[in-house]
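**Student:** can't give you the sequence, but here's the structure:
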């Protein structure tokens, strides 16, 4: 199973990807299970979370991180500070 990827792209790289035109998702502090039926790319605008895949190591991310979640992954999200992110599937 592919792992979660985290990077810190430059503003220019984000603009080249069109990130600032993607939809925005927000969620308060909470914990919940999730399944990725397709790959998700997201850019964290604010907040902090830990995601624990059903197989593999947990990862933490926060403001300024670009995160890619692999298709088919089952995980548990634990949001410790309200998350606000741009995202796109596929």
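**Tutor:** It's in. Predicted, not measured: the structure shown is a model, and the values here were computed from it.

**Student:** CA atoms for contacts and neighbours, from now on please.
**Tutor:** Will do.

**Student:** tell me which residues of stretch 47-67 are tucked away?
**Tutor:** Residues of stretch 47-67 classed as buried by neighbour count (16 or more other Cα atoms under 10 Å): 47-53, 61-67.

**Student:** what is the nearest of these to residue 19?
**Tutor:** Nearest to residue 19 out of those is residue 66 (Cα to Cα; 9.8 Å).

**Student:** where does the nearest residue to that closest one once chain neighbours are set aside land on pLDDT?
**Tutor:** Using Cα to Cα, 6 or more residues apart in numbering and skipping the chain neighbours, the partner closest in space to residue 66 is residue 43 (4.5 Å). Residue 43 carries a pLDDT score of 98 in this model.

**Student:** can you name the next helix or strand after the strand or helix carrying residue 43?
**Tutor:** In this assignment (DSSP states H and E), residue 43 forms part of strand 40-53. With elements assigned by DSSP H and E, the helix or strand that comes after strand 40-53 is strand 59-62.

**Student:** so where do the helices sit in this structure?
**Tutor:** 11-17 (DSSP state H).

**Student:** hmm, what's the outermost residue in it?
**Tutor:** Residue farthest from the centre of the chain, counting by Cα atoms, centre = their mean, is residue 12 at 19.5 Å.

**Student:** tell me the contacts of it?
**Tutor:** Residues in contact with residue 12 (Cα atoms under 8 Å, 6 or more residues apart in numbering): none are found.

**Student:** from residue 83, how far out is it?
**Tutor:** Using Cα to Cα, to the nearest Å, we find residue 12 at a distance of 23 Å from residue 83.

**Student:** same thing with residue 54?
**Tutor:** From residue 54 to residue 83 the distance is 21 Å (Cα to Cα).

**Student:** report all helices and strands that the longest strand belonging to the chain contacts.
**Tutor:** Using DSSP state E, we find that the single longest strand of the chain is strand 74-89. Judged by 3 or more Cα pairs under 8 Å, 6 or more residues apart in numbering; DSSP states H and E, the packing partners of strand 74-89 are strand 23-27, strand 30-35, strand 40-53.

**Student:** what angle sits between the longest one and strand 74-89?
**Tutor:** Angular relation of strand 40-53 and strand 74-89 on a 0 to 180 degree scale: 170 degrees, by axes from the mean of the first three to the mean of the last three Cα atoms, to 10 degrees.
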